[in-house]
Structures are given as structure tokens and as C-alpha cells.
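1. Show me the folded form of this:
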Amino acid sequence: MKTITAIFVLTSGMLMPLLAEQATIRIDARYEGVDVKWLSDLSPNTRDALKATGGTLRLPAVTAKTGEIATIEVIQEFHTGTSTLKESVVPCGVVVDWSPELVDGAIRISGKNLLRRTTNKNADGVATRFETQEAWIHLNLEDGATKQVELEGGGKMFITATLVDSSGRPVKK
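-> Numbers count the residues shown, from 1 in each chain. Alright, predicted model coming up:
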């Protein structure tokens with residue numbers, strides 16, 4: 001029995017670095033109970049879809065390899081009227097930048113979640129003031145598990161991380 005245990009430890013020790021380099025992780029996220037003001041700048045179609053789902057905003061699922069940054073945007077862009085190209089367009093709605101990695105058999109999701117809305121627009125649609133709620137996420141999840149994150153202004157975000165194969169199917173059976 002000791003030999004089998006030693007072989008298992010040696011094998012898992014050799015495979016973990018390989019898995020860490022090649023792991024592909026699907027991230028699913030949704031918001032529930034978020035004040036609608038944060039989503040007021042989104043298109044009417046998006047707002048109607050939110051009403052139809054009872055106020056739950058399900059973000060598109062995203063897949064990333066370990067160490068990559070996964071970005072999800074559900075936004076409407078607003079011009080600020082400035083001449084600097086870098087600052088002339090501001091995205092309002094939801095912007096998520098997360099980086100998944102495998103750590104000690106768990107999936108770690110790190111990054112930021114941003115809710116932004118305009119608070120001042122002129123008749124031409126030029127926005128000069130914005131309100132932002134930013135949350136930094138550092139979660140450890142078991143494969144396929146969901147964690148809840150409380151948001152400052154009310155509401156919750158639910159994040160699920162799943163190891164997937166190259167075709168996008170869950171690895172866990």
C-alpha cells in the first residue's frame with residue numbers, strides 16, 4: 001500500500017503543473033437584486049430582457065485558460081466631449097475583468113467587477129458625470145461550485161467556475 005500511495009503522490013505532483021498550464025475554466029455569472037439605476041444606460045432591448053427575467057442579469061459565459069484575463073461587457077458607450085481619444089468614450093453598464101487559475105486543486109478567480117452609469121447627459125448624449133461601483137473579487141471555488149458576492153449598493157453577484165475540456169464540456173464527471 002505504501003508503494004501505491006507513493007506512486008499516486010508522485011503522479012499527482014507531476015500532473016498538477018501540467019494541469020495548471022493547460023486548464024481551461026468557464027466562468028458563469030449573474031446579478032440579482034441590483035438597483036435598476038445601474039442598468040439604466042443599457043439599450044431598451046437589454047432592459048426589457050432584464051424585466052422578463054425578474055431583474056436577474058445573467059452575463060454571457062466566458063472561457064479562459066489559466067492566467068488569461070476574461071472580459072465580459074454589457075455596456076452602452078457614452079462620449080464625454082473631450083478631445084483626448086483615450087478618455088472620449090466611457091462604457092456604462094457592467095464590465096468584468098477576471099483571471100482564473102488553478103491553485104491547490106481549487107479554482108481561484110481574481111479581478112474586478114464594475115458597474116457604471118451616467119449621472120449627467122446633455123441633449124446630444126454627451127455624458128460628463130458618472131457614478132461607479134467597483135468590487136475586487138478574490139474567490140476560491142471548487143470545480144463547478146457557485147459563490148455569492150454581496151454588492152455595496154444592494155444586490156448580489158453569483159459566480160460559478162467550472163473546469164472544461166477543449167470542446168467546452170465540464171471535465172468533472
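
2. residue contacts, the residue lying closest to residue 46 once chain neighbours are set aside?
-> Distances taken as CB to CB, 6 or more residues apart in numbering put residue 74 closest to residue 46, at 6.8 Å, once the chain neighbours are dropped. Quick note: C-beta positions are derived from backbone N, CA and C, even for glycine. For residue 74, the contact set (CB atoms under 8 Å, 6 or more residues apart in numbering) comprises 42, 46, 57, 59-60, 93-94.

3. which other residues reach stretch 35-54?
-> Residues contacting stretch 35-54 (CB under 8 Å, 6+ apart): 55-57, 74-76, 78, 92-94, 115-118, 133, 153-155.

4. again, 7 Å this time
-> For stretch 35-54, the surrounding residues in contact (CB atoms under 7 Å, 6 or more residues apart in numbering) are 57, 74, 76, 92-93, 115, 117-118, 133, 153-155.

5. tell me the pLDDT at the spatially most central residue of the chain?
-> What sits nearest the mean C-alpha location of the chain, by CA atoms, centre = their mean, is residue 96, with 4.6 Å. Per-residue pLDDT puts residue 96 at 94.

6. these two touch, right, residue 115 and residue 96?
-> No - the criterion here is CB atoms under 7 Å, and residue 115 misses it with residue 96 at 9.9 Å.
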